[in-house]
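1. what's the 3D shape of this:
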Amino acid sequence: MKKWYDEEYEWEIEVIGFNKDNEETEMFCRNGEEIGDKYTCTYGCPVNSQGQGICSKVMMMMYPIMEAVRSGGDLENIGGDSKYSKVVMCPDGCILFRLTAKPLGNRNFWKVWNENRE
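-> Numbers count the residues shown, from 1 in each chain. Model prediction:
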């Protein structure tokens, strides 16, 4: 892989809770999420410190939110805690994740891409 673009944002996704009265992940979450687990990424799929990828179902929900931020959006406009943070429930209704973007100060991908096409 030859990554040529320095992304605008770094993402941290943290497991912050369960949606049920359950304190264990066994027989609850297929991916084995536990409160305090953290995943990070820029554009690629989020992985944790053990190299395990985030649940593909929750990634389908998070990707449009990440793209909204990359396009200049404010997560408060869709129920976020702040411009760069939002709590998301997994599609199975089991796990609560906090998705947080950290601006890196790099230029927008599409603006860079369009300039390089000319």
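2. can you list contacts of the longest helix along the chain?
-> Longest helix in the chain by number of residues (criterion: DSSP state H): helix 56-70. Identification of contacts with helix 56-70 by Cβ atoms under 8 Å, 6 or more residues apart in numbering yields 8-9, 11, 13, 45-46, 54, 75, 78, 84, 86, 88, 90-92, 95, 97, 99, 101, 108-109. To be clear about C-beta, it is placed using only N, CA and C from the backbone, and glycine gets the same treatment.
3. where does the protein have low pLDDT?
-> The chain contains residues with pLDDT under 70 at 20-27, 118.
4. okay, strands next: where are they in the chain?
-> 9-18, 38-41, 85-89, 95-103 (DSSP state E).
5. CSV for these, including mean neighbour count?
-> Converted to CSV, the strands of the chain look like this (neighbours: other Cβ atoms under 10 Å):
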stretch, mean neighbour count
strand 9-18, 18
strand 38-41, 18
strand 85-89, 17
strand 95-103, 19
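6. which ones are touching residue 79?
-> Contacts here follow Cβ under 8 Å, 6+ apart; on that basis residue 79 touches residue 86.
7. pull up the gap between it and residue 89, please.
-> 11 Å (Cβ to Cβ, to the nearest Å).
8. ok, and what's touching stretch 101-115?
-> Contacts for stretch 101-115 (Cβ under 8 Å, 6+ apart): 5-12, 42, 66, 69-70, 72, 75, 84-85.
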